[in-house]
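In: Next comes the sequence, and after it the predicted model I'd like to discuss.
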Amino acid sequence: MMSLFPVFQTAASGLYANRVWMDSVSDNIANMNTIRPYDQPAYQASYVVAQSVPSDGNDPPGVGGGVEVAGIDRGDPAGRQRYEPGNPNANKDGVVRYPDIDLGDQMVMLIQAQRSYQMNLQVIDRARESYQQALQIAPH
């Protein structure tokens with residue numbers, strides 16, 4: 001069954017995927033200095049995997065089905081190793097595990113997700129304006 005307003009559903013799926021992406025990046029940044037005992041895996045960064053959703057066949061030409069979160073990939077459990085003999089989480093050789101998270105990379109991903117989120121909001125706003133104008137054109 002064709003949706004009356006497929007653009008809203010498509011943009012809303014993008015909003016959801018981008019919110020999940022921003023949440024993931026925020027968690028990564030918040031945990032980039034999390035140290036665990038050496039015999040445990042380091043905090044593993046999460047990376048959102050998104051995929052396109054095909055149109056259901058009833059949508060107008062050029063309208064896709066949106067996007068969905070297909071899964072979450074995890075970072076390297078080995079993390080980055082540093083020599084810190086005074087750290088209580090260090091092994092017998094004085095080595096601790098930090099997550100393998102680069103702040104610069106995370107900030108770039110956060111900006112990308114934020115801009116994509118804003119773009120989807122603009123799509124919804126423009127579609128709403130278009131539908132309102134079409135209603136004004138229609139004969140009364």
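Out: Structure's in. What do you need?

In: Which parts of this structure are strands?
Out: 46-52, 67-74, 80-83, 95-98 (DSSP state E).

In: Buried residues, the last one. List them.
Out: Going by neighbour count (16 or more other Cβ atoms under 10 Å), the buried part of strand 95-98 is 96-98. (Glycine included, C-beta is placed from N, CA and C.)

In: elements contacting it?
Out: strand 80-83 (3 or more Cβ pairs under 8 Å, 6 or more residues apart in numbering; DSSP states H and E).

In: Buried residues, the longest helix belonging to the chain. List them.
Out: Secondary structure of the chain per DSSP state H: the longest helix is helix 103-137. Neighbour-count burial for helix 103-137, counted by 16+ other Cβ under 10 Å, picks out 106, 109-110, 113, 116-117, 120, 123-124, 127.

In: Kindly report the same for stretch 36-56.
Out: 36, 38, 42-46, 48, 50, 55.

In: Go through those and name the one nearest residue 91.
Out: Nearest to residue 91 among those: residue 38, at 3.7 Å, using Cβ to Cβ.

In: so where's the chain shaky on pLDDT?
Out: 1-4, 59-63, 138-140 (pLDDT under 70).

In: The spatially most central residue of it: what's it in contact with?
Out: The chain has residue 21 as the residue nearest its centroid, 1.2 Å off, counting by Cα atoms, centre = their mean. By Cβ atoms under 8 Å, 6 or more residues apart in numbering, the contact list for residue 21 reads 48, 50, 109, 113, 116.

In: Distance to residue 75 for those residues - can I get that in TSV?
Out: Shown next, in TSV, are those (distance: Cβ to Cβ, whole Å):
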residue	distance to residue 75
48	13
50	17
109	13
113	17
116	22
